[in-house]
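Asks: Below is the sequence, then the predicted model.
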Amino acid sequence: MQYSRFPFTKKWSEYLALSTKPLPLLALVVDDDDVFRTQLRRALEKRHWKVYEASDGDRAVQLAESQTPDLAIVDLRLPGMPGLEIVQRLRGLSETTTIIVLTGYGSIPVALSAVRVGADDLLTKPADADQIMAAYRKIVRELGDAEPDLKEPEIPSLARVEWEHINRVLDDCNGNISQAAKLLGLHRRSLQRKLSKYPPRK
């Protein structure tokens, strides 16, 4: 599941240049899971990317300061510096870096906050290199094709993320709507209205 942020403050010429930039592009992988981080690095290197890694926010910022990445892949749950602060710091260093956030179910408010502070896209874990590359190409293509005077488009897939999260909580509660509503922080009627709607498209 994924949705994108379209940062219209960026220069369109920079995105057009990014989409045609010769390989290798530079990726920064920020995750404290050593196995996942190593697997992702190897997968990206097979796709002709140059990759550097960080297991925490401080190291990620240091690396980004030394060489601006084309792509930053950031797990929101990290020790030390909060994931949201990492995203904000990386965005402050570069307006042209594509930032993709990785998060688990049950993190919708945090995911929205990540988008607000600078993330371009969000993928739910586990996400593999193919999904990340597809999201990266989609962001570059859409930003390259978009017009600067257009309004920021809606993010339809967020509704799908919410729908799946609600149904997952409901399953955990064995179909008990009252209990699920309490866990979700919703009124029972609000939850019933959401459940009565058709599932949003992906």
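Replies: Looks like it arrived, so ask away.
Asks: where do the strands sit along this protein?
Replies: Assignment of strands within the chain using DSSP state E yields the ranges 2-4, 26-30, 50-54, 71-75, 98-103, 121-124.
Asks: Redo these as a markdown table? Include mean neighbour count and distance to Arg91.
Replies: C-betas here are computed from N, CA, C, even on glycine. Output for those, formatted as a markdown table (neighbours: other CB atoms under 10 Å; distance: least, CB to CB, whole Å):
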| stretch | mean neighbour count | distance to Arg91 |
| --- | --- | --- |
| strand 2-4 | 21 | 14 |
| strand 26-30 | 25 | 13 |
| strand 50-54 | 18 | 16 |
| strand 71-75 | 25 | 9 |
| strand 98-103 | 26 | 6 |
| strand 121-124 | 22 | 13 |
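Asks: Nearest to Arg41, out of these?
Replies: strand 50-54 (4.5 Å; CB to CB).
Asks: partner strands of the closest one, parallel or antiparallel?
Replies: Paired with strand 50-54 in the same sheet, following DSSP bridges, are strand 26-30 (parallel).
Asks: now what about the partner strand, what contacts it?
Replies: 37, 40-41, 44, 49-57, 60, 63-64, 67-75, 78, 86, 90 (CB atoms under 8 Å, 6 or more residues apart in numbering).
Asks: Thr50 touches Arg41, doesn't it?
Replies: Let me fix one detail, which is that residue 50 is Lys and not Thr. No: using CB atoms under 8 Å, Lys50 is not in contact with Arg41; the gap is 10.1 Å.
Asks: Only the buried residues of stretch 169-180, if you could.
Replies: Val169, Leu170, Cys173, Ala180 (16 or more other CB atoms under 10 Å).
Asks: residues in contact with the second one?
Replies: Translated: Leu170. Counted by CB under 8 Å, 6+ apart, Leu170 has contacts Asn176, Ile177, Ala180, Leu195.
Asks: List just the nearest of the residues you listed to His165.
Replies: Nearest to His165, judged by CB to CB, of the contacts of Leu170 is Ala180 at 10.6 Å.
Asks: Perfect, that will be all.
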